[in-house]
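**Q** Output the structure for:
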Amino acid sequence: MPIDKQIIEKQKVKKEGEFTLTQVVVDALQEIKGNDIAEIGFGNCQEQPLFDTFIICSATSTTHAEALCENVLRRVYERLRLEPSHYEGKDQAQWILIDYFNLIVHIFLEDKRRFYDMEGLWNDADIRFYPIPESSLTFKNN
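**A** Residues are numbered from 1 along each chain as shown. From the prediction side, this is the model:
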């Protein structure tokens, strides 16, 4: 088995009390208030891509996008001791891609996400949207 395949297989294993890569990434995005978080699973697609999952999120500004990226990188390393094979787009922070082999994280500015429409492009895939965590909701007292 090639080394990359071994790494991918290790990422898929979940033991009791451990986090999956998807959970850690979504938690990291929610922690910094990433918007419209979606998971696209490619297991049922006719044409199987080289990856299993996309996690997509919107940012409100380039500063927000950079903060989301940094938090994903930090949390995944802290909890799983994984580093991405590479990441790109952080300099302009309009579309940041973080490659964790079988899971790819896309952090878009809102207008870029609408333009590239990843959910529409991969409409034959399984798409799951993550709700805003209740701890992120704020209420005003009148």
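
**Q** got any ranges where this protein has weak pLDDT?
**A** Within the chain, the set of residues satisfying pLDDT under 70 comprises 1-18, 45-49, 134-142.

**Q** how about the helices of it, start to end?
**A** 3-12, 21-31, 62-80, 110-116, 118-121 (DSSP state H).

**Q** Tell me which of those helices sits most buried.
**A** Highest mean neighbour count among the helices of the chain (mean count of other CB atoms under 10 Å): helix 21-31, with a mean of 20. From N, CA and C alone the C-beta is placed, and that goes for glycine too.

**Q** tell me what that one is packed against?
**A** strand 35-41, strand 53-59, helix 62-80, strand 103-109 (3 or more CB pairs under 8 Å, 6 or more residues apart in numbering; DSSP states H and E).

**Q** Just the CA atoms of it, as PDB, please.
**A** Output of helix 21-31 as PDB, limited to C-alpha atoms (Å, rounded to 0.1, in the frame of the first residue of the first chain):
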ATOM      1  CA  LEU A  21     -11.300  14.800  10.600                       C
ATOM      2  CA  THR A  22     -14.700  16.100   9.400                       C
ATOM      3  CA  GLN A  23     -15.800  16.800  13.000                       C
ATOM      4  CA  VAL A  24     -12.700  18.700  13.800                       C
ATOM      5  CA  VAL A  25     -12.800  20.800  10.700                       C
ATOM      6  CA  VAL A  26     -16.500  21.600  11.100                       C
ATOM      7  CA  ASP A  27     -16.000  22.500  14.800                       C
ATOM      8  CA  ALA A  28     -13.000  24.700  13.900                       C
ATOM      9  CA  LEU A  29     -15.100  26.600  11.300                       C
ATOM     10  CA  GLN A  30     -18.100  26.900  13.600                       C
ATOM     11  CA  GLU A  31     -15.800  28.200  16.400                       C
END
